[in-house]
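Trainee: I would like the atomic coordinates for the input below:
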Amino acid sequence: MKATLVIKDIDNLITMQGENRPRAGREASQIGLIKNGIVAIKDDRIIYVGDKLPEYIEIDESTTILDGRGKTVTPGLIDSHTHLVHGGSRENELAMKLKGASYLDILKAGGGIHSTVKATREASFEELYNKAKKSLDIMLSFGVTTVEAKSGYGISDFDTELKQLKVAKKLDEDHPVDIVSTFMGAHAIPLEYHDYPDSFVDIIIEEMLPIVAEEKLAKFCDVFCEEGVFSIQQSRKILLKAKELGLGLKLHADEIKPLGGAELAAELACISADHLVAASDQGIKAMAERGVIANLLPGTSFNLQTGKYAKARKLVEECVAVALSTDYNPGSCPTENIQLIMSLASLIMKLTPEEVITAVTINGAASLGIEEEYGSLEPGKYADLVIFDAPNLEYIIYHFGINHTDKVIKNGIIVYEK
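Mentor: Have a look, this model is predicted:
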């Protein structure tokens, strides 16, 4: 068997080898570290991971050889919660935030998501495509090889929701980074439905979801379950319909108020519950029992200046699998830098470097239902890897705010070099 690409003499090779499932509790610290490691790739698949290349793998003049000395190699990073496709930006809200306005305060004043909805509705397909592509290029440079992208900036304008999903689909076809799409028409109550939100819920269920499912524009459905947005009852109703139509379930849960979103995510066996800043201890226990992944977004808490973060250590101790994501969006977390999120998760939420890398590799993959093919470095899996110009994992997190990426390999091809 001839290798097409080999990375040799890797100081620290983090494989995440093990069962293809989310890692919780003590397992989240088991990263499959190999010192002076080697990875061999044939075309788009990994054929060997270890410390000495076996004789059955051939190398000749056509094999690309990369030197891993002084480097750390990990699986490709998974950014499993983003709002990638959107129009406009909201830097004008910075002054309001600095004066103490909360997310809900800005929303009530007609800003927040409503201004992004307007900008997204007005943007052409090409404008949305080019803006999202620019962000994907940045994400790739930070080591991201797979990203989740939500709709949700059309809400009552279903044509805009479809436009977002179709932009994501086209980018998935064109760009090296894989995109997994999520329908999130239930991102906010439209202003025109403020006094009768249940009518909008019915529109999502009866008109929007069937078309999204029929046209296979999304793998998942997500709902913003929060005070002043969608109630527990409304969220349950939408997600049950989505499940009936074959979509996987996600939930923006307990971001601001302890509404019971974590409990609902457990009740419905959602693949993930995201945010969880205000999740109750009972909700966390319920998530552990049902195997719901906690997708934490420390960049959002950092940017909103609330001083409140999800109980990451509590989640680990209760054996809830933890993923980490940027939550890239124009309002509450305008950053594509997954490495910064990794540092925040460790420095502020007190996750260990091992728990952090688990969260952005195999657990991120599991939160998108792709852990059989991605998220770890093992023979047979797709060859998605990041070569970091860093001597070890701790250095990547310790030396924060910069880009440590040296090269990114996607499906066995070098798609980014510093």
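Trainee: name the helices or strands packed onto the lowest-mean-pLDDT helix or strand in the chain?
Mentor: Using mean pLDDT, DSSP states H and E, the weakest-scoring helix or strand in the chain turns out to be helix 103-108, at a mean of 74. Judged by 3 or more Cβ pairs under 8 Å, 6 or more residues apart in numbering; DSSP states H and E, the packing partners of helix 103-108 are helix 94-98. (C-beta placed from N, C-alpha, C; glycine too.)
Trainee: from the chain's centre, how far out does the helix it packs on sit?
Mentor: Offset of helix 94-98 from its chain centre (Cα atoms, centre = their mean, to the nearest Å): 27 Å.
Trainee: List of residues touching it?
Mentor: The contact list for helix 94-98 (Cβ atoms under 8 Å, 6 or more residues apart in numbering) reads 105-106, 109, 111, 304-305.
Trainee: Most neighbours among these, please name it.
Mentor: Neighbour tally across these (other Cβ atoms under 10 Å): the maximum, 20 neighbours, falls on Ile106.
Trainee: OK, contacts around that residue?
Mentor: Ile106 makes contacts with 93, 96-97, 112, as judged by Cβ under 8 Å, 6+ apart.
Trainee: Redo the residues you listed as a markdown table? Include neighbour count.
Mentor: Shown next, in a markdown table, are the contacts of Ile106 (neighbours: other Cβ atoms under 10 Å):
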| residue | neighbour count |
| --- | --- |
| Glu93 | 19 |
| Met96 | 16 |
| Lys97 | 18 |
| Gly112 | 22 |
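Trainee: any idea how far Gly291 lies from Gln164?
Mentor: Separation of Gly291 from Gln164 (Cβ to Cβ, to the nearest Å): 30 Å.
Trainee: can you check Met96 too?
Mentor: According to Cβ to Cβ, Met96 and Gln164 sit 26 Å apart.
Trainee: so how far is Leu77 from the nearest residue to Met139 once chain neighbours are set aside?
Mentor: Among residues not flanking Met139 along the chain, Glu336 sits closest, at 4.8 Å (Cβ to Cβ, 6 or more residues apart in numbering). As judged by Cβ to Cβ, Glu336 and Leu77 stand 12 Å apart.
Trainee: And the helices in the stretch 301-418 of the chain?
Mentor: Taking DSSP state H, counting those that start in this stretch as the criterion, the stretch 301-418 of the chain carries its helices at 312-317, 338-347, 353-359, 362-366, 393-398.
Trainee: Check those for me and report the most buried one.
Mentor: helix 362-366 (a mean of 29; mean count of other Cβ atoms under 10 Å).
Trainee: For Glu227, give me the pLDDT.
Mentor: Per-residue pLDDT puts Glu227 at 93.
Trainee: And the chain, what are its domain boundaries?
Mentor: For the chain, automatic domain parsing gives the domain ranges 5-74+376-417, 78-366.
Trainee: Of those, which stretch is the most buried?
Mentor: Most buried of these, by mean neighbour count (mean count of other Cβ under 10 Å): domain 78-366, with a mean of 21.
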